[in-house]
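Asker: Show me the folded form of this:
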Amino acid sequence: MYSWLILMGIITGFMISTYYLYQYWTKPMSEIENYFDDRVFKRVEVVPKVNKTAYEFAYQNNTNFGKDSLDKEQSNKKVHEVFAFHSIKPPDKSEKKDNEGKEGLAAGKGGNPEENNRIKEDTSDKEKILKEDRQIDDERLIKDEMESSKGVSETSKIRFESTWVSKNTKGGMIMPELQQVEGLELIKTPVVIGENVIQRMEVTDLSLDTSAIKIRDINATVTNLDTDVIDNKVIIQGTIHKQIFFVGTDDIIHHQAEDINFSYFVDVPGAEPGMDVLVEPTIEHIVTRLIMDGTILHQKVVLQFFVKVLSIQQLIVETGVGPLIKVERVIGENSVQTMVMNEVTLAVDAIKIVDINAEVVDLETEIIEDKVIIQGVVHKQLFYIGVDDVEHHQAEDIPFSEFVDIPGAEPGMNVQVHPNVEHIKQELSVDGTTVTQEIVLELFVKVTETVQINLVTGEDSLVMLPEVVGENTKQVLSETTLELDQTAIKIKDIQASFEDVNAVVINDKVIIQGIIHKQIFYVGEDNVEYHQAENVPFSTFVDVIGARPDMDVDIIPTIAFIKPELDPEGELLTQKVIGDIFVKVTENIQFNVSEVGPYGV
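Answerer: Numbering: from 1, shown residues only. Predicted coordinates for the structure are as follows:
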């Protein structure tokens, strides 16, 4: 009985399924849409697309699309941003009517199939016309934006002024200058490329100098850490230095040291040679066991390495409400070419020059107003075949000096120089005794200024920068009495400076220690000027709320006041020195910035 009921149920379900499949394949699509619309189902809205022509134009001009939504009502409108010049295309009335027609088609309540088909045909014709209108509007929009970008209004966020001049033998070529605009900054910052963590274990057996009955303690640290970045990987090498304390059979605590070399690699997608690496090694656990009657120490050391790969880049970022960050603001950059010529006398007469390798060493820079003076040495390695058919080597150092124009540069700013040997031309004399060389150098110079600004967070590049936790200034008074080597009648000058300053960060405080180094110049009874030096140690602390151990600290000490007092006999010199010590505590954080666009490297 039950089997007949089951069979009838299966047959009935098959017939109902066949009926609905027949209705689905035979009825017009419009009736199916009406069927679903009557049951308050909604169709998925069409996502607006960016016009390809407008996108290519914008991409060539550092453009971001849809980066900032003006409000919820305009969030679906196309925002075209060129050099942060916003141009919003107004809604097309015909497009709005077209959308209303589509909505009516989708609603379909009370409509018949013929009416719906007629609406669809009218809609397709309108879509063709609107498509042509949109193309014309996009071309007109691009043309207007190209004209407007030539002279950006006050509402612009940023603007580049190309001030190219002809290349001179001195001063280089003026690069495109970034105009300072409120709300934007060009910064030089490390961008996080990737990071990874690995764990490894080192197993070793150490022969003890004397038999042990117990291991008292093992202190282990990672030293001599070295890294090498290759494509998508970071190679880590170093040494595990261990201090082993154990109780011998004589009940005396003995000490023995051990060094274990290691080499690992870490996968970091996106890593490339030349990038910077931060490695944080941690010794997580040490397991020890005495074997062979206490003569052998079996050890297992568990290591963890946290690796972060950074790339130094220049970004145009927004400033405003956000974390207070210490960052390098780019003042300007420029490059200059110079030629170094010299003639070298060979130690052995040559018949052929094999190779000349040159590199720039001992670079020194000095910033003056709107200029950077560069001095250095071109170190050359000369390889040649002598008349004895033996390859010889000869080294030579050639000093050079150059300057480059960087508007806005001032003394005290930071400067980076990237030298490059572009070309080496050599000519061997007929008799093979001398070599004339011409070396073409290119010097790329960047000037930055350390500032602290509030950066707006966003969804663009992930950067790692020091956040300012707190800062404070404290004055220290040093009063000393110095016995002079010669009887003095007059103190001519005292020059004082802070040296060997170091700091330790504790909770809400920074402890500072150092030396006040003084150079004392005075006139003796014989009217001869004498010199005497003095080092005065000092120690103080500065309150910085929020400071914690392991945070970074910057200290800027300056001498504010010096008052010397010579006793009537001219033998004792009393000095009062007041110094200002400025302390800034920072902590490295990672966050995504709100970026307008890239600007070089």
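Asker: separation between the closest residue to Ala547 other than its chain neighbours and Val593?
Answerer: Distances taken as CB to CB, 6 or more residues apart in numbering put Val585 closest to Ala547, at 4.6 Å, once the chain neighbours are dropped. From N, CA and C alone the C-beta is placed, and that goes for glycine too. If you measure Val585 against Val593 using CB to CB, to the nearest Å, the figure is 22 Å.
Asker: try Val287
Answerer: The value you get for Val287 to Val593, if CB to CB is used, is 44 Å.
Asker: more crowded one of the two?
Answerer: Shown here are Val287 and Val593; by other CB atoms under 10 Å, Val593 has more neighbours (25 against 12).
Asker: can you pull the contacts of the more buried one?
Answerer: Leu315, Val317, Glu318, Leu455, Val456, Thr457, Gly458, Asp460, Ser461, Val463 (CB atoms under 8 Å, 6 or more residues apart in numbering).
Asker: which residues touch the closest residue to it other than its chain neighbours?
Answerer: Excluding its sequence neighbours, the residue lying closest to Val593 (CB to CB, 6+ apart) is Val317, at 4.8 Å. Residues in contact with Val317 (CB under 8 Å, 6+ apart) are Leu184, Glu185, Ile187, Leu455, Val456, Val593, Ser594, Glu595, Val596.
Asker: which stretches of the stretch 451-600 of the chain form strands?
Answerer: 457-483, 488-506, 509-524, 529-543, 552-566, 572-593, 595-598 (DSSP state E, counting those that start in this stretch).
Asker: number of nearby residues for Thr487?
Answerer: 13.
Asker: Report the secondary structure state of Trp4.
Answerer: helix (DSSP: H, G, I helix; E, B strand; the rest coil).
Asker: thought Lys518 was touching Ile559?
Answerer: No: using CB atoms under 8 Å, Lys518 is not in contact with Ile559, being 9.4 Å away.
Asker: These two: which is more packed in?
Answerer: Set Lys518 next to Ile559 and count neighbours by other CB under 10 Å: Lys518 wins out with 23 against 16.
Asker: what sits against the more buried one?
Answerer: Lys518 neighbours (CB under 8 Å, 6+ apart): Ile494, Gln495, Ala496, Ala533, Glu534, Asn535, Val536, Gln575, Val577.
Asker: Confirm for me that Pro273 is in contact with Asp231.
Answerer: Yes: at 7.4 Å, Pro273 counts as touching Asp231 under the criterion of CB under 8 Å.
Asker: how close does Glu571 get to Glu534?
Answerer: In terms of CB to CB, Glu571 sits 15 Å off from Glu534.
Asker: Distance to Ala395 and pLDDT added to the contacts of Val317, as JSON lines?
Answerer: As requested, the contacts of Val317 are exported to JSON lines (distance: CB to CB, whole Å; pLDDT from 0 to 100):
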{"residue": "Leu184", "distance to Ala395": "49", "pLDDT": "83"}
{"residue": "Glu185", "distance to Ala395": "45", "pLDDT": "83"}
{"residue": "Ile187", "distance to Ala395": "41", "pLDDT": "86"}
{"residue": "Leu455", "distance to Ala395": "48", "pLDDT": "90"}
{"residue": "Val456", "distance to Ala395": "53", "pLDDT": "89"}
{"residue": "Val593", "distance to Ala395": "47", "pLDDT": "88"}
{"residue": "Ser594", "distance to Ala395": "52", "pLDDT": "86"}
{"residue": "Glu595", "distance to Ala395": "47", "pLDDT": "79"}
{"residue": "Val596", "distance to Ala395": "49", "pLDDT": "78"}
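Asker: What subset of the residues you listed is buried?
Answerer: Buried subset of the contacts of Val317 (neighbour count, 16 or more other CB atoms under 10 Å): Leu184, Glu185, Ile187, Leu455, Val593, Ser594, Glu595, Val596.
Asker: which one of the residues you listed is nearest Glu471?
Answerer: Leu455 (17.5 Å; CB to CB).
Asker: Looks to me like Asp251 is in a strand.
Answerer: No: counting by three-state DSSP, Asp251 falls outside a strand, being coil.
Asker: Pull the number of nearby residues for it.
Answerer: 8.
Asker: Please apply the same query to the one 10 residues further on.
Answerer: Asn261 sits with 10 neighbouring residues when counted by other CB under 10 Å.
Asker: who touches it in this structure?
Answerer: Gln237, Gly238, Thr239.
Asker: Which of these sits closest to Ser311?
Answerer: Gln237 (22.0 Å).
Asker: Report the secondary structure element holding that closest one.
Answerer: Per DSSP states H and E, Gln237 falls inside strand 233-248.
Asker: Packing partners of that strand?
Answerer: strand 212-230, strand 253-267, strand 276-291, strand 296-345 (3 or more CB pairs under 8 Å, 6 or more residues apart in numbering; DSSP states H and E).
Asker: Let me know which of those is the nearest to Val451.
Answerer: Across those, closest to Val451 is strand 296-345 (CB to CB), at 4.9 Å.
Asker: From Glu333, how far off is the spatially most central residue of the chain?
Answerer: With distances taken as CA atoms, centre = their mean, the residue of the chain nearest its centroid is Pro190 (0.7 Å). According to CB to CB, Pro190 stands 18 Å off from Glu333.
Asker: just Val510 next, same as before
Answerer: 35 Å.
Asker: got it, and Ile368?
Answerer: According to CB to CB, Ile368 and Glu333 sit 17 Å apart.
Asker: who has more neighbours, those two?
Answerer: The residue with more neighbours, out of Ile368 and Glu333, is Glu333; 23 against 11, by other CB under 10 Å.
Asker: what's the nearest residue to the more buried one if we skip its chain neighbours?
Answerer: Using CB to CB, 6+ apart, the closest residue to Glu333 is Lys446 (4.3 Å).
Asker: Thank you kindly, that will do.
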